[in-house]
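Q: what shape does this take:
(2 chains)
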Protein chains: 2
Amino acid sequence: MADGDDVFTPGSDPAAAPSDGGARAGRRARGGGGAARRAERTARRVVTAPRISRGIPDFDVLNAEAIEIIEANAETVLEEIGVGFIDNPAALARWREAGADVSGERVRIPRGLARKLCATAPATFDQIARNPERTVKIGGRDLVLAPVYGPPFVRDSDGGRRYATIEDFRNFVKLTYSSKWLQHSGGTVCEPTDVAVNKRHLDMLLAHMTLSDKPFMGSVTEPSRARDSVAMCELLFAQDGGLGDRTAMTSLININSPLNFDATMMGALEVYAAANQACIVSPFIVGGAMAPVSVAGTLTQVLAEVLAGIAYAQLVRPGSPQIFGAFVTSIDMNSGAPTFGTPEASMILWGAGQLARRLGVPFRSGGGLCGSKLPDAQAAYETANTLNAALLGGVNFMLHAAGWLEGGLVSSYEKFVMDDDQLGALHQVAKGIDLSEEAQAMDAIREVGPGGHYLGCQHTQRNFKTAFWRSDLLDYKPYETWSEEGARDTARLAEARVKKLLGEYEAPALDEGVRESLEDYVARRKASEPDSFT
Amino acid sequence: MADGDDVFTPGSDPAAAPSDGGARAGRRARGGGGAARRAERTARRVVTAPRISRGIPDFDVLNAEAIEIIEANAETVLEEIGVGFIDNPAALARWREAGADVSGERVRIPRGLARKLCATAPATFDQIARNPERTVKIGGRDLVLAPVYGPPFVRDSDGGRRYATIEDFRNFVKLTYSSKWLQHSGGTVCEPTDVAVNKRHLDMLLAHMTLSDKPFMGSVTEPSRARDSVAMCELLFAQDGGLGDRTAMTSLININSPLNFDATMMGALEVYAAANQACIVSPFIVGGAMAPVSVAGTLTQVLAEVLAGIAYAQLVRPGSPQIFGAFVTSIDMNSGAPTFGTPEASMILWGAGQLARRLGVPFRSGGGLCGSKLPDAQAAYETANTLNAALLGGVNFMLHAAGWLEGGLVSSYEKFVMDDDQLGALHQVAKGIDLSEEAQAMDAIREVGPGGHYLGCQHTQRNFKTAFWRSDLLDYKPYETWSEEGARDTARLAEARVKKLLGEYEAPALDEGVRESLEDYVARRKASEPDSFT
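A: Now for the predicted structure:
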């Protein structure tokens, strides 16, 4: 088959038609100048990442007896051992009021109470984006993909491994915006270590709001920063009547496993829940260190922690959207290093997904997790193991879906585009099997018959463009061509793609008034306190 | 946790205790000399690959309606289009006798007849090994792993890509024998291109029989070579009363898709079925070329082909063991290259597994399939996608589980040990979730409580050695250590492991009389005809 334009690319999927979000934003724009109009025209080139609504079943690894054991054990943990709410008298008061047994900072929750409180959390919710085409539904059969979160380092082929800067942060926001597969801009795509700790959240939010029009995450490192996040969202949606009760952020609230809820994270959760912004209530567990060295024991603790966390959010505001999080990996008992893409991590993910579905809330887990220092085969094995487990495990919100390297210490430019390409495959699996008459292809089997071939048959001509997923990155060339072109490995192919995508990036249109109000907010808040780097 | 001997390794699993197979072989030995006794002692060092009996459910992607459509369509294909049995009058006569409509070389099979004939094929069977500890069960909940099959090239870090030789063949047999995870020695681990085409099967069989004591595959490239395979097995098991009705080989019978059964492959199948040796009846499909460019259409054709093939084997010998094969991949419609680890391949694998289970025969699919030219990230993504799909898809016999590279053109030394390491993870997932009281770990959760850590608790001390899978290859070291040691990627780590394993290899004990009879057979057969290289 000859090369040419007329070949299948995932972007030719009708479900992935070019976004008209730029035009819509333009219609709302006040006095947009030449730059805005140019942005409006060029923004059409960015494809809206298609929604994933799974057409495949979930992989349920736990049988009824296993579920019963784990759910009963989790209630026992809450009732007999309890959880700690640290430095947070208001939380203790809320729990006492709700009927828990509070002793010191220990909250013991009677059997069934936490689950009952969780019942007001919605099964699904919309997280709005400033481009309405990019609003996502979280929960149910949907899967929303977001990039890596949290690394202090970046790695690229030119510069190696180095501390991340705000320039790197903006680059990862741009790469995410360019992605055909990531529906979500994420949060701390890397830590901009060149900006003061107490101010970097402002620059990060501004980047997500201006360089992308996809939904994003809020700051959680201080309650005041959560308030800044909400305030900036009010400005971003000001021309649309403000936030109101709409959810515009999904933020990551890690539990201090085992069984402790610290004041910083709970303070951020309280701000977000009160504003009806979504939180991912997420045990952060390296199994064997923060949870028992067994799958069943870890699942028990995960469930107990999430029950307590989501129940608490419902005490703050009943009906506020919450996600059942599970960031769980195993440990190398030799070196003490966390390990990723391991059998135990997959089983915990599958089990946690079932527990989340039984609780009736959206589920967060998975991602392109790996421990490797390089975007090499280890990184890819571990990442693919995690991505596959998460897809089949019914994950609704997948953080770290692209760019994660070295156990989350590094955001890798090359691995970002490598993972992103695999996410295209994941989209395709999620669709499930088409059983239309056309897909049954009986006419083709009749036409070709024994000993023929299908390359030229009518059914193939009608369907080849969309039938098979095709990588935008990997090498499918003949050996000789590949050799002549330098025998490049995947990392080198990725290096070229990173440069291409960043070179082609153009920002989505944004109303100038909105932009000015955001920049003004950031400037005022930055001026209001001295820099702190701790 | 300090380094040391007292750390978890998968080999410390009691199920993976050192084999006493060498000693058993020794007890049967007649006049074994010093070499045999030395082999007997040293053979103890090789761990028997543990049996995999899945404790996890299968991933059933097809719902009842989908199964009904595909099964009905497959019957329509057999009845209305039919299959070709080429250059094989005896086969046509058998089909006519069985009630099929035979016209020229086309065999049209009335609805339900093929499925009815398949009913005599066993749901499970044992494939015996000369070391009885290594006999495998094929079918049911079991999964048997075998190495790459068929490549004319090999690749290693020293020599790059080059034509395979008999020395390479022996090396891959040795590596497979050394594997803790591969229970099966496979067949054409690479094509020994330096041996005449009409004689290489003899050297290959001799290598499997003498350098390993795991079960293996027979030759299929000519009916006479299948007869050599059976004859050599009779010699191998001579001291055990000969083969009798026992199955000692599982051989790969590719269907000439679409819908044709050629005389060479059917000739081999006829030899094996008559001798009660197992065949994998396997459509070999690059979707879009040898089958319709759709998942549902491909599944229909796969089922029709396997129904006809296994039914035919039952006409040759009712009750002979047969495996439902499905080697199906997609095509890059741009370059025409086959692609691996793709969404469509996973869906076809899952669907075919369901169809095989409904037919009541063992299922073969999967492996470490990839299209990459190098053991890089592309290879690992694609391989992991395939391995994960195969594990959950209920595969019973997994060929190509280690060492496959470049679309099956290359057996890669480095990728062999990389894949093999991942197979350890696959073993662990297959075990499923332990729900014993010890695994529930409630004592640990009580002991540690909120805010503590589990590294030192009693439960961790009791379980850490076996709780988590640990790679024998991948890098878990601190960044600084890894940097100081040369910042090696996975391929370089694998290079060192290949050399270590080949350096440590020692052959399992073999009775000298048996060895001499095999070598004599090979010499006589080689002398009986001139070399042919076509």
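
Q: any idea how far residue A:201 lies from residue A:173?
A: From residue A:201 over to residue A:173 the distance is 14 Å, taken as CB to CB, to the nearest Å. C-betas here are computed from N, CA, C, even on glycine.

Q: around chain B, which positions in the stretch 51-200 of chain A sit nearby?
A: A:56-57, A:59-62, A:65-66, A:69, A:73, A:76-77, A:80-84, A:86, A:106, A:161 (CB under 8 Å from any CB of the partner chain).

Q: buried among those? Need that as a selection in PyMOL.
A: Listed next is the PyMOL selection for buried residues among these, using 16 or more other CB atoms under 10 Å in any protein chain shown:
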select buried, chain A and resi 56+59+60+61+62+66+69+73+76+77+81+82+83+84+86+106+161
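
Q: quick check: residue A:222 touching residue A:265?
A: No: taking contacts as CB atoms under 8 Å, residue A:222 lies outside contact range of residue A:265: 10.1 Å.

Q: of those two, which one has the most company?
A: Set residue A:222 next to residue A:265 and count neighbours by other CB atoms under 10 Å in any protein chain shown: residue A:265 wins out with 25 against 16.

Q: contact partners for that one?
A: By CB atoms under 8 Å, 6 or more residues apart in numbering or on different chains, the contact set of residue A:265 is A:220, A:253, A:254, A:255, A:256.

Q: which of those lies closest to chain B?
A: residue A:256 (7.2 Å; CB to the nearest CB).

Q: find the nearest non-adjacent residue to the closest one, please.
A: Nearest residue to residue A:256 in three dimensions, chain neighbours excluded: residue A:262, at 4.9 Å (CB to CB, 6 or more residues apart in numbering or on different chains).

Q: and the pLDDT for residue A:534?
A: Looking at residue A:534, its pLDDT reads 82.

Q: in contact with it, which residues?
A: Here residue A:534 is in contact with residue A:197 (CB under 8 Å, 6+ apart).

Q: kindly report the same for residue A:279.
A: Neighbouring residues of residue A:279 by CB under 8 Å, 6+ apart: A:250-253, A:268-269, A:272-273, A:313, A:320-323.

Q: go with 7 Å
A: Contacts for residue A:279 were tallied using CB atoms under 7 Å, 6 or more residues apart in numbering or on different chains; they are A:251, A:253, A:269, A:272, A:273, A:313, A:322, A:323.

Q: which of these fall within helices?
A: A:269, A:272, A:273, A:313 (DSSP state H).

Q: most neighbours of all the residues you listed, which one?
A: residue A:272 (31 neighbours).

Q: residue A:321 versus that one, what's the distance?
A: From residue A:272 across to residue A:321, the span is 9 Å (CB to CB).

Q: what segments of the stretch 401-534 of chain A are helices?
A: With helices called from DSSP state H, counting those that start in this stretch, the stretch 401-534 of chain A shows them at A:413-431, A:437-440, A:442-448, A:458-467, A:479-484, A:490-504, A:512-527.

Q: most packed of the ones you listed?
A: Scoring the helices of the stretch 401-534 of chain A by mean neighbour count under mean count of other CB atoms under 10 Å in any protein chain shown gives helix A:413-431 as the most buried, with a mean of 26.

Q: how about residue A:112: what's its closest non-neighbour residue?
A: Nearest to residue A:112 is residue A:75, by CB to CB, 6+ apart, at 6.8 Å.

Q: could you do residue A:413 as well?
A: residue A:156 (4.1 Å).

Q: thought that neighbour was touching residue A:416?
A: No: contact criterion CB atoms under 7 Å: residue A:156 and residue A:416 do not qualify, at 9.6 Å.

Q: tell me which residue of the stretch 151-300 of chain A lies closest to chain B.
A: Closest contact between the stretch 151-300 of chain A and chain B, by CB to the nearest CB, is at residue A:297 (2.8 Å).

Q: pLDDT wise, what is the residue nearest to residue A:413 at?
A: 96.

Q: give the bridge partners for it, please.
A: Using DSSP bridges, the bridge partners assigned to residue A:156 are residue A:160.

Q: burial count for it?
A: With other CB under 10 Å as criterion, residue A:156 counts 21.

Q: for residue B:416, see how far away it is.
A: Using CB to CB, we find residue A:156 at a distance of 31 Å from residue B:416.

Q: likewise for residue A:127?
A: For residue A:127, the distance to residue B:416 equals 45 Å [CB to CB].

Q: same check, this time on residue A:117
A: Between residue A:117 and residue B:416 the computed distance is 53 Å (CB to CB).

Q: residue A:297: what's it in contact with?
A: Residues near residue A:297 by CB under 7 Å, 6+ apart: A:291, B:439, B:440, B:441, B:444, B:445.

Q: could you redo the last one with a cut-off of 10 Å?
A: Counting by CB atoms under 10 Å, 6 or more residues apart in numbering or on different chains, residue A:297 makes contact with A:70, A:73, A:287, A:291, B:434, B:438-445, B:454, B:459, B:463, B:467.

Q: is residue A:138 in a helix, a strand, or coil?
A: The three-state assignment at residue A:138 reads strand, by DSSP: H, G, I helix; E, B strand; the rest coil.

Q: so it makes contact with residue A:396?
A: Yes: Residue A:138 is within contact range of residue A:396, at 5.6 Å (criterion: CB atoms under 10 Å).

Q: shared neighbours, these two?
A: Listed contacts common to residue A:138 and residue A:396 are A:124, A:144, A:323, A:361, A:362, A:363, A:364; contacts here mean CB under 10 Å, 6+ apart.

Q: quick one: the fifth one from residue A:347, how far?
A: Computed as CB to CB, the residue A:362 to residue A:347 distance reads 21 Å.

Q: of the two, who's got more company?
A: residue A:362 (30 against 27).

Q: that one and residue A:137 touch, don't they?
A: Yes: with contact defined as CB under 10 Å, residue A:362 counts as touching residue A:137 (9.3 Å).

Q: which residues touch residue A:468?
A: A:8, A:10, A:428, B:287-288, B:293-295, B:329-333, B:339, B:342-345.

Q: I'm done for today, thanks for sticking with me.
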